[in-house]
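>>> I'll drop the sequence and a predicted model, then ask my questions.
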Amino acid sequence: MKSLPANKSITFICRTTLLGCIAAITLPTLASTEPKGFYATIYAQASQLGSTSFDEIGSAGFGSGLNASFDTGLGFGGDIGYRYGNGWAAEVEWNYRRHDLKSLQRSGTTLVTDGDFASNIIFINGLRRFPSATGGWTPYVGAGVGWVQEIDFDLNSAGANRAWSKQGKLGLQLIGGAEIPVTKDWKKTADVRVLRLGSIEMPAEEGVTGRLSKPDYNPVSVQIGLRRLF
């Protein structure tokens, strides 16, 4: 059997996980309450970022009509949250992810193959959990608002490093996944997160002047974590 390409595999996992969460919502919840308390999570993720078109306005000389594509990205992060005991939870999350450049092209001609598009974001998330009276898996869905501490686009060519960056932008994310028991206090987590920052005007930061005119940054991630209940 042929294996799926990485980006198609992530898309398949995302769709499957989200459909599973929707199905969980439609089923009767066996227990509407769970213990109140804090929790903390660390996680690693695989992230897919679609290709984006934009213009470079400045001294780099790449010009307009650019198209960038990316390899599957990697990321990591963590959260500190609180379960309210009624199926609801809130958390503060920190996330870093990086997508290595596959190619930067203009009119079908490859200009650069070395670079990356990376972000450092802090989120406030709200979650609806669906605990079971049997103590098994706990599906959850949620949404969050993110503040971009920094997002940067780096290009390396002809021995020169050029960087553009932005701070302070707001974004939204949707969450769907499940918490899987390991012991009474330790859980595994597996979820899909869909982030939308939209088009970003990015001023020059290093080795160049001018700006990048609105590349899109709307990644989808699959992440696995380890959670400690308190």
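Perfect, I can see it now.
>>> Residue 191 pairs with what?
Per DSSP bridges, the residues bridged to residue 191 are residue 177, residue 223.
>>> how much space between it and residue 206?
Distance from residue 191 to residue 206, counting by Cβ to Cβ, to the nearest Å: 35 Å. The way it works is simple: take the backbone N, C-alpha and C, and place the C-beta from them, glycine included.
>>> Kindly report the same for residue 73.
Relative to residue 206, and taking Cβ to Cβ, residue 73 is found at 21 Å.
>>> the more surrounded of these two?
Set residue 73 next to residue 206 and count neighbours by other Cβ atoms under 10 Å: residue 73 wins out with 21 against 12.
>>> quick one: contacts for residue 175?
The neighbours of residue 175, taking Cβ atoms under 8 Å, 6 or more residues apart in numbering as the test, are 125, 127, 140-144, 191-193.
>>> Leaving out sequence neighbours, find the closest residue to it.
The spatial neighbour of residue 175 that comes closest, neighbours along the chain excluded (Cβ to Cβ, 6 or more residues apart in numbering), is residue 142 at 4.1 Å.
>>> which residues does residue 169 contact?
Taking Cβ under 8 Å, 6+ apart, one finds 147-148, 151, 197, 200 in contact with residue 169.
>>> and the residues you listed, which of them are in helices?
Using DSSP state H, no member of the contacts of residue 169 falls in helices.
>>> Tell me the buried residues within those residues.
Using 16 or more other Cβ atoms under 10 Å as the burial test, these include 148, 151, 197, 200 as buried.
>>> if we can go back for a sec, now the buried members of the contacts of residue 175.
125, 127, 140-142, 144, 191-193.
>>> and residue 61, what element?
Residue 61 is part of no helix or strand when elements are defined by DSSP states H and E.
>>> roughly how far apart are residue 124 and residue 192?
With distances taken as Cβ to Cβ, residue 124 is found 19 Å from residue 192.
>>> now swap in residue 170 and tell me
On the measure of Cβ to Cβ, residue 170 and residue 192 end up 21 Å apart.
>>> for residue 217, same thing?
17 Å.
>>> returning to what we had before: wait, which of the buried ones among the contacts of residue 169 is closest to residue 134?
residue 197 (39.2 Å; Cβ to Cβ).
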